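K.L.:
structural data only, the sequence is not supplied:
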C-alpha cells in the first residue's frame, strides 16, 4: 500500500522520500560497521539509542509543527508518558516474555497507546485554541504531566496493580514490587533498548508520517496550515484532522520515550521537562519545518555536538548556545548578509 | 487570619510575576515575539545586585539601580545582536534564537559566577509589620514588593498613555508599517521596549531573590515561565492584563501550596490557566481579534 502510493506520487516528492529512507539506512549501516569495528568511542556508542529516540521525537513533532502548523511546547510530556508506561509494562512482562526484543516491541506499543490516549485527552481542549495560546497550553500540559508523574506511585503485588498519588500509600503486600516511585521515578530498568530497535522505530515512524502526509489527511493538514478559513469553507473537518495529527504525533513520541527510557537504568519525570520539549523543537526548526530529513540530521548533530565540544570543558554549553544562535541567524539568509556587511568595511562602501 | 496571611504572600509573589510579565507582554505587544531570554535577564539583575551589595558594600537600593542600568544595556544589546537581524524572519526562528540567547546567558552566568547557590541578602532586612496582635504579619520585603509593583504599574501606565514614546509604542503595536509612515522610528521604539522590560526584570530579580534567597544561574527560568504564563493568563500584549494575570497567578500558587498540595501547586496553576483560556481564549483582558476572510 505504502509503496504503491509512493510510486504514484509526483517524482520530486517521491525522490525526496526515498532519499530520506536511503540516507537513514546508509547512516545505520555505517554506524553499525563503525561500532562493530570499534571505530566508535564507547561514549558515542552509548548515544546511538538516545539519538534514535530524539530523531523519532523530531519526526513526530514535525508532524504537528511543520505539517499541521501548530506550535507545541510540551512534546516531552508525551515522551514521559510513553517512557513511564512503557517501562512499567516491560517490568510487568519480565517473567511472561523472557525474549527482550519482543518485550521491547510490546512495551513500545503500549507506550504509544498510552501517549496517544494522553494526546487525545489533551487535544480536546488544546485544539480549540489558536497560535501562541495553543502553544502556552501545550507548555502547561507538559508541566502538569511532569508534576503528576513526579507524585505518582505504582506497584504490583499478589492482589493486582496498586496506584497512589502524592505519598506512597500503595501498601503493597510482602513480595509486591513498587515500580514507579514518585520523584524517584523508575529504578533498576533492564537496558533492553538497542540501536537496531531504534533504527526500526525510526523507519516505522518515517513510513507512518510520510504515508500520512501523502494521504487525504496529510493534504488536509497542509490546507489547514496554509489557510484555516479556506480549508473550513471547503468542508474539511478541522478538529478531526488536527486531532488525527496530534494523536499520531503523541503516539510516536510515546514509543520514542519508551525506547529512550530503556537505554538507562533509572528514569525520572524531571528528565522530560520544558527544556527537553524545547530541545526537540530546536531540532525541528533548525532542520526546516516540514522537512523530516532535516529534523533527523539536526537531532543527530545537536545531540553529538555537546559531546564533541567536551574538550572545551566548561565552555561547551556556551559554545552550544552560540552555535544555535549563529545557525538561526545564518539560516535566515537575507538578514545575515546585512548583519555581516555591518562588520565588513569593503561591503559597506559598496552598499552605499 | 491564616487565610489573609496566605493571601498577602500570594499578592506579593504575584507582584513579582506581574513585574516580570510586563516585560514579556510589552515585547510581545510590539515585536510579536516570545522573549524566552527574559527570565535570564532577571537572574543577571539579581547577580549584579548581589555583587554590588555584598562584594562592594553598596546601599541595596543603589545596587538595584546599577542592576537596572546593566540589565537595560543587556536588553538593548541582546535585541540588537540577536533579534534585530531576524525582524523579517518567521516567528519560530526568532523563538529559537531567543531560546539560544537564554542558554547563552545561563551559561555565561555559570562561568562567571559558578553554579554554587548564593544566599541573597534581603534588600531591606527580614523584619515584619505585626498587625492584630501579631496574628497578621507582613514582612517588610512583602510590603516593598507590593508597593514597588503598584508604583511601576502606575508609572508605566502614565508613560504609555501620556508620553510621546508611549504613543509611539502603542502605534507600533497596532500597525508597524503605518507607524513607520507616520515618522515613528520603529527600531528605536522596539529597542526602548526591550530596555524598559529588561530594566524591570532587574527590579523583579532583586525582589524575587529577597523573598526567596537562593541565587543560581537557573534562578530566572521557572519564574520566567510562570510570568510568561501570567502574561498569557491576563491576555498577552495587554499591560493591565499582565498586572492582573501576575497577581492572580501568585495568589493561586500560594493557595494551592497551602490548601491542596505543595508538590502539585504547579499543576494547579497550569490547570487554572488552561480552564481560563478555554473560557476566554484570548486571556482575561486580551483583545479578541476578529478574523478577516
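P.N.:
Great, that's in hand. Model, not experiment: these values are computed from the prediction. Residues are numbered from 1 along each chain as shown, chains lettered A, B, ... in the order given.
K.L.:
quick one: the strands in chain B?
P.N.:
With DSSP state E as the criterion, chain B has strands at B:118-119, B:128-131, B:136-139, B:214-215.
K.L.:
surely residue B:190 is in contact with residue B:80?
P.N.:
No: counting by Cβ atoms under 8 Å, residue B:190 sits too far from residue B:80 to count as a contact (10.0 Å). Quick note: C-beta positions are derived from backbone N, CA and C, even for glycine.
K.L.:
comparing those two, which residue is more hemmed in?
P.N.:
Using other Cβ atoms under 10 Å in any protein chain shown as the criterion, residue B:190 and residue B:80 rank with residue B:190 on top: 22 against 14.
K.L.:
for the closest residue to the more buried one other than its chain neighbours, which residues are in contact?
P.N.:
Once flanking residues are discounted, residue B:190 sits nearest to residue B:31: 5.4 Å by Cβ to Cβ, 6 or more residues apart in numbering or on different chains. Contacts were defined as Cβ atoms under 8 Å, 6 or more residues apart in numbering or on different chains; by that measure residue B:31 touches B:83, B:190, B:193-194.
K.L.:
at 10 Å what do you get?
P.N.:
For residue B:31, the contacting residues are B:79, B:83-84, B:87, B:91, B:94, B:172-173, B:176, B:186, B:189-190, B:193-194, by Cβ atoms under 10 Å, 6 or more residues apart in numbering or on different chains.
K.L.:
distance check, residue A:88 against chain B.
P.N.:
Relative to chain B, residue A:88 is positioned 20 Å away (Cβ to the nearest Cβ, to the nearest Å).
K.L.:
may I see the buried residues of stretch B:205-221?
P.N.:
By neighbour count, and taking 16 or more other Cβ atoms under 10 Å in any protein chain shown as the criterion, the buried residues in stretch B:205-221 are B:205-211, B:213, B:215-217, B:219-221.
K.L.:
same check on stretch B:263-282?
P.N.:
B:263-274, B:276-277, B:281-282.
K.L.:
quick one: mean pLDDT for that stretch?
P.N.:
In this model, stretch B:263-282 carries a mean pLDDT of 84.
K.L.:
stretch A:104-117 now?
P.N.:
If you average the pLDDT values across stretch A:104-117, you get 92.
K.L.:
that one and chain B in contact?
P.N.:
No: with Cβ under 10 Å from any Cβ of the partner chain as the criterion, chain B is not reached by stretch A:104-117; the gap is at least 17.9 Å.
K.L.:
go on, stretch A:282-297?
P.N.:
Yes: if you take Cβ under 10 Å from any Cβ as the test, stretch A:282-297 does meet chain B, through A:282, A:284-286, A:289.
K.L.:
so how far is that stretch off the chain centroid?
P.N.:
Stretch A:282-297 has its average C-alpha position 12 Å from the chain's average C-alpha position, going by Cα atoms, centre = their mean, to the nearest Å.
K.L.:
how about stretch B:42-55?
P.N.:
So, by Cα atoms, centre = their mean, the centroid of stretch B:42-55 is 17 Å from its chain's centroid.
K.L.:
averaged pLDDT, that stretch. What do you get?
P.N.:
In the prediction, stretch B:42-55 has an average pLDDT of 89.
K.L.:
and that stretch, does that touch chain A?
P.N.:
No: in terms of Cβ under 10 Å from any Cβ, no part of stretch B:42-55 sits within range of chain A; the closest distance is 14.5 Å.
K.L.:
just checking, residue A:287 touches residue A:295?
P.N.:
Yes: counting by Cβ atoms under 10 Å, residue A:287 touches residue A:295, with 3.7 Å between them.
K.L.:
which pLDDT value belongs to residue A:347?
P.N.:
In this model, residue A:347 carries a pLDDT of 50.
K.L.:
got the buried residues for stretch A:38-47?
P.N.:
Result for stretch A:38-47 [16+ other Cβ under 10 Å]: buried residues A:40, A:44, A:47.
K.L.:
what count of nearby residues applies to residue B:133?
P.N.:
Taking other Cβ under 10 Å as the definition, residue B:133 ends up with a neighbour count of 6.
K.L.:
check residue A:237 too.
P.N.:
Residues lying near residue A:237 (other Cβ under 10 Å) number 13.
K.L.:
chain B: helices as residue ranges?
P.N.:
When assigned using DSSP state H, the helices of chain B occupy the ranges B:2-31, B:38-50, B:60-78, B:91-113, B:140-162, B:164-174, B:176-181, B:186-211, B:221-234, B:239-255, B:265-279.
K.L.:
take those helices and write them to TSV, including distance to residue A:191.
P.N.:
What follows is the helices of chain B, written out as TSV (distance: least, Cβ to Cβ, whole Å):
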stretch	distance to residue A:191
helix B:2-31	42
helix B:38-50	36
helix B:60-78	42
helix B:91-113	30
helix B:140-162	49
helix B:164-174	53
helix B:176-181	54
helix B:186-211	41
helix B:221-234	31
helix B:239-255	39
helix B:265-279	31
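K.L.:
so for residue B:133, which of these sits nearest?
P.N.:
The stretch from the helices of chain B with the least distance to residue B:133 (Cβ to Cβ) is helix B:2-31; that distance is 13.7 Å.
K.L.:
which residues does the most centrally placed residue in chain A contact?
P.N.:
Using Cα atoms, centre = their mean, the residue of chain A that lies closest to the mean C-alpha position is residue A:57, 1.4 Å off. With contact taken as Cβ under 10 Å, 6+ apart, residue A:57 is in contact with A:75-76, A:78-79, A:205, A:249, A:252-253, A:255-257, A:259-260, A:276-277, A:279-281, A:283-284, A:295, A:299.
K.L.:
again, 7 Å this time
P.N.:
For residue A:57, the set of contacting residues under the criterion of Cβ atoms under 7 Å, 6 or more residues apart in numbering or on different chains consists of A:75, A:79, A:253, A:256, A:280.
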